[in-house]
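> what follows is a predicted protein model with its sequence.
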Amino acid sequence: MAHKLVDSYREKGARKKLVELLRDRGIADEKVLKAIGKVPRHYFFDETFWTQAYKDIAFPIGDGQTISQPYTVAYQTELLHIKLGDKVLEIGTGSGYQTCILLELGAKVYTIERQENLYKRTSQVLPHIGYHAEFFFGDGSKGIAEFAPYDKIIVTAGAPLVPEIMLKQLKIGGILVIPVGDENSQKMITVLRVSEKDYERISLDTFRFVPLVGEKAW
Ligand code: SAM
C-alpha cells in the first residue's frame, strides 16, 4: 500500500499513457476512459512498486489476490453501462480499484469481499483517498439480498456458472457482468434482465480471473 498520497506529473503522465493504451486496445466509452484517467492507481501499490502501477498488468496485493489489469477493469465497466446514481453490487472488492472506477462514474456501490484482511484494508484505504462505498465482509457468491434489487452487478472473480440467486437480485433492465468458466480460463458473460422471468445472455472474450469461492461458486 502506498505510504504517501502524492499524485505528481510523473504519475499523471503515466496515467494518460495508460488511457491511450486502453483506447488502442478497443475501450471506446469515453466516460470509462475518463474514470481510468482520474483514479490514482499507484495509491493501491506500495511506493516501491509505483513504476508498475500504470502498466496494463494485474499485480499482487497480498493474501494471494491481485489488483485487476486495467484493461479488464475497463472492459467489465464498459459492459455495465453505468448511469449516474446506478445502484451497483460488486462481488470481490479486492484492492478497491474497480470500486473507485464505478464511483467515479457516479454509481452507488455496495461491495463485498470474502478475505477479511483485504476487506479491512480496502474499507479503510478507500475513504482515506476520497472514495466512499458500502463495504461488506462475507461470501458474495449469494449476492447481497438485503439491499437488492440492483441496477448492475459485477463479479470480479471467475465463477463455474451464473448463480441463479444473483439474477434474482437484478432490477428489470439490470445487467450482470460475470466471468464464467473453469480455473484456467473464463468467458465474460453479460446477462440482461428483460422481464420478471426473462434474461438475455451474451458470451464475450476470454479472461483469466482468480476463482470465486463460496456457497454458489467453487
Ligand atoms: N477488482 C479488484 C481490484 O481492482 O483490485 C480485484 C478483484 S480480485 C481479481 C477478486 C477478488 O474476489 C479477490 O479479492 C477475492 O478474494 C474475491 N472473492 C473471491 N470469491 C469471493 C466471494 N465469494 N465473495 C466475495 N469476494 C470474493
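In hand now; what should we look at? Small disclaimer: the values here were computed from a predicted structure and weren't measured. Residues are numbered from 1 along each chain as shown.
> gap between stretch 56-75 and the chain center?
10 Å (Cα atoms, centre = their mean, to the nearest Å).
> which other residues reach it?
18, 21-22, 25, 27, 32-33, 36, 41, 44-45, 49, 52-54, 94-95, 97-98, 101, 115, 117-118, 156, 188, 205, 207, 209-210 (Cβ atoms under 8 Å, 6 or more residues apart in numbering). The C-beta positions use only the backbone N, C-alpha and C, and glycine is treated the same way.
> pLDDT of that stretch, averaged?
Stretch 56-75 carries an average pLDDT of 90.
> repeat for stretch 109-118
96.
> ranges for the helices of the chain?
In the chain, the segments counted as helices under DSSP state H are 9-24, 30-38, 70-80, 97-104, 116-128, 164-167.
> which positions in the longest one come out as buried?
Along helix 9-24, these residues count as buried under the neighbour rule (16 or more other Cβ atoms under 10 Å): Glu11, Ala14, Arg15, Leu18, Val19, Leu21, Leu22.
> just the CA coordinates of it, formatted as CSV?
Taking Å, rounded to 0.1, in the frame of the first residue of the first chain, the C-alpha atoms of helix 9-24 are listed here in CSV:
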residue,chain,number,x,y,z
TYR,A,9,3.3,15.0,-13.1
ARG,A,10,5.1,11.7,-13.5
GLU,A,11,2.1,9.6,-12.3
LYS,A,12,-0.4,11.8,-14.1
GLY,A,13,1.6,11.4,-17.3
ALA,A,14,1.8,7.7,-16.9
ARG,A,15,-2.0,7.5,-16.3
LYS,A,16,-2.6,9.5,-19.5
LYS,A,17,-0.5,7.0,-21.5
LEU,A,18,-2.4,4.1,-19.9
VAL,A,19,-5.7,5.7,-21.1
GLU,A,20,-4.3,5.9,-24.7
LEU,A,21,-3.2,2.3,-24.5
LEU,A,22,-6.7,1.2,-23.4
ARG,A,23,-8.2,3.2,-26.2
ASP,A,24,-5.9,1.5,-28.7
